[in-house]
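**Student:** Using only what follows, build the 3D model:
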Amino acid sequence: MKIKALSRPVASQQAPGTSVVRQPRNLDPSQHPFERAREYTRALTATKLERMFAAPFLGQMGDGHVDGVYSMAKDPNSLEHFASGSGDGVVKVWDLTSRHEVWNTQAHENIVKGICWTPDQKLLSCASDKTVKLFDPYNSSSETPPLATYLGQGAFTSISHHRSIPSFAVSSSAISIYDLSRPSSTPSQTLHWPTSVDTITSVAFNQTETSILGSTAMDRSVVLYDLRTSSPVTKAVLQFASNAISWNPMEAFNFAVANEDHNAYIFDMRKLDRALNVLKDHVSAVMDVEFSPTGEELVTASYDRTVRLWDRSRGHSRDIYHTKRMQRVFSAKFTPDNKYVLSGSDDGNIRLWRANASDRSGITNARQRAKLEYDQALIQRYSHMPEIRRIRRHRHVPKAVKKAGEIKKEELAAIKRREENIRKHTKKGALPSRRAEREKIILATEQ
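**Tutor:** This is a model prediction of the structure:
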């Protein structure tokens, strides 16, 4: 006598110890017609919900500053602490978790132009009063005098610390390298381009190739230096002056500059005769730029009172942040965990934003994470569809920014039309060949 017993694989049964009922599914495509249509509908719904739940602004840090915030720096050894400097010479250290200040001091008499942290969690600040001061905010009170003071020949404009050794660079009419391990306030090295006498506006150490230093100056130049040879390496002259420079933390050769021509540019230090990308959406000068910790995104702060977030491979911003009370933005930084953005403006406030406007801050379980990942995959798959692309790109912007953008668009179209008319009515070969936009911005390069 033969007995037929039912035998099912373990994968088809409900897992022991769980209350989630397993849903049997037939994956045969013939049983699921209109799969693309259903996926597109889900992607469209997910896109609409993403924009509906977008709420990037989280709040401001404490009571802010009395004067404008012109410099910020995050502690590389902490996820929750960062420092800010204002126009009245006050330096404050903030706690991101509580959004309150944990330390402050009257560091300088004039505007604080730059601040940075040392690897041992000390704080360096430079200002227009020709001094650089070293503080220990975690182990001292507000009235404690600075641990050290370094005097310069001119007003300082920017400061950056080496990743590992006790050395920092500060800029004025030249770049001075100071050694924190030496008691002397005399710089150990002085770097400058031989034919340049203009003020250097910003300086930044490469945190991967730590012997490389980058700077921008008022003479529209971007200069790279090598500390091993104590000399400049190469120089590129742009059409307009740059206000800030930031190195990509993941790709040692790439850096970005914030320019006065309303754009930010990404360069490869090995080939400075052409930009890797042009980031153009701002309608006023870009005051600050920084790469995200992943190196895939950038944040820019602009004189047009907005903060924009960018994908490094795209020429237009993926998001724009603004509030009614936020004035001209002079500084913007990513937090070390890549989840938030900080902005400092001349209304005295430091604002905290989500890096992704529709991200949820609460704890999510496995099913919620799976649903969010599925929605994001669908949005990416159908991002080329007109309706989804339109909804994803749509943003409400301030009236002044929108009007300025329309005027700028008309002016650029007029310039392009004029150039086309000149070429159309000029003898062939009389005009130079067309240059790509990524090449036109470079006026000259020097070695």
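**Student:** Direction included, what does the helix or strand where residue 201 lies pair up with?
**Tutor:** If you go by DSSP states H and E, residue 201 is part of strand 200-205. Partner strands and pairing direction for strand 200-205 (DSSP bridges) are strand 212-217 (antiparallel).
**Student:** Can I get the strand holding residue 201 in CSV, CA atoms only?
**Tutor:** The C-alpha atoms that make up strand 200-205 are tabulated as CSV, following Å, rounded to 0.1, in the frame of the first residue of the first chain:
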residue,chain,number,x,y,z
ILE,A,200,44.4,85.1,-0.2
THR,A,201,40.8,84.6,0.7
SER,A,202,40.8,80.9,1.7
VAL,A,203,43.1,78.0,2.4
ALA,A,204,42.5,74.3,2.9
PHE,A,205,44.6,71.2,3.6
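**Student:** Use 53 as the first number for this chain going forward.
**Tutor:** From this message on, residue numbering opens at 53, which makes the last subject strand 252-257.
**Student:** which residues touch residue 136?
**Tutor:** Counting by Cβ atoms under 8 Å, 6 or more residues apart in numbering, residue 136 touches 113, 117, 121, 123-125, 143-144, 146, 167, 383, 396, 402. The way it works is simple: take the backbone N, C-alpha and C, and place the C-beta from them, glycine included.
**Student:** try residue 120
**Tutor:** 138-139, 379, 382, 396-400.
**Student:** distance of residue 348 from residue 365?
**Tutor:** 8 Å (Cβ to Cβ, to the nearest Å).
**Student:** These two: which is more packed in?
**Tutor:** The neighbour comparison of residue 348 against residue 365 (other Cβ atoms under 10 Å) goes to residue 348, with 14 against 10.
**Student:** who are the neighbours in contact with that one?
**Tutor:** Residue 348 neighbours (Cβ under 8 Å, 6+ apart): 302, 363-364.
**Student:** hey, which strand is longest across the chain?
**Tutor:** When the chain is scanned for its longest strand (criterion: DSSP state E), the result is strand 323-332.
**Student:** Export that strand to PDB, keeping only CA atoms.
**Tutor:** Output in PDB follows, covering the C-alpha atoms of strand 323-332 (Å, rounded to 0.1, in the frame of the first residue of the first chain):
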ATOM      1  CA  LYS A 323      44.300  68.800 -15.100                       C
ATOM      2  CA  LEU A 324      43.400  72.400 -14.200                       C
ATOM      3  CA  ASP A 325      42.800  73.600 -17.700                       C
ATOM      4  CA  ARG A 326      39.200  72.100 -17.600                       C
ATOM      5  CA  ALA A 327      36.600  71.800 -14.800                       C
ATOM      6  CA  LEU A 328      35.100  68.400 -14.100                       C
ATOM      7  CA  ASN A 329      31.700  70.000 -13.500                       C
ATOM      8  CA  VAL A 330      30.000  73.300 -13.300                       C
ATOM      9  CA  LEU A 331      27.300  73.700 -10.600                       C
ATOM     10  CA  LYS A 332      25.000  76.500 -11.700                       C
END
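**Student:** Next SSE downstream of that strand?
**Tutor:** Counting by DSSP H and E, the next helix or strand C-terminal to strand 323-332 is strand 338-343.
**Student:** Which neighbouring elements make contact with that next one?
**Tutor:** strand 294-299, strand 306-311, strand 315-320, strand 349-354, strand 381-386 (3 or more Cβ pairs under 8 Å, 6 or more residues apart in numbering; DSSP states H and E).
**Student:** So which of those is nearest residue 443?
**Tutor:** Among these, strand 349-354 comes nearest to residue 443, with 21.0 Å by Cβ to Cβ.
**Student:** Off-centre distance for that closest one?
**Tutor:** Distance, stretch centre to chain centre, for strand 349-354: 4 Å (Cα atoms, centre = their mean, to the nearest Å).
**Student:** So what are the sheet partners of it and their directions?
**Tutor:** Strands that pair with strand 349-354, judged by DSSP bridges, come out as strand 338-343 (antiparallel), strand 359-363 (antiparallel).
**Student:** Highest mean neighbour count out of those?
**Tutor:** The highest mean neighbour count among the strands paired with strand 349-354, using mean count of other Cβ atoms under 10 Å, belongs to strand 338-343: a mean of 26.
**Student:** Show residues contacting that one.
**Tutor:** Among residues not part of strand 338-343, those counted as contacts by Cβ under 8 Å, 6+ apart are 295-301, 308-312, 314-316, 349-355, 364, 380-386.
**Student:** let's go with 6 Å and repeat that
**Tutor:** For strand 338-343, contacts defined as Cβ atoms under 6 Å, 6 or more residues apart in numbering pick out 295-296, 298, 300, 308, 310-311, 316, 350-355, 382-385.
**Student:** Kindly report the same for stretch 195-203.
**Tutor:** 183-188, 230, 237.
**Student:** let's see 7 Å
**Tutor:** Residues from elsewhere that reach stretch 195-203 (Cβ atoms under 7 Å, 6 or more residues apart in numbering): 182-188, 230, 237.
**Student:** Would you map the strands across the stretch 103-252 of the chain?
**Tutor:** For the stretch 103-252 of the chain, the strands defined by DSSP state E, counting those that start in this stretch cover 109-112, 121-126, 133-138, 142-147, 152-158, 164-169, 175-179, 183-187, 200-203, 210-213, 219-223, 227-231, 241-243, 252-257.
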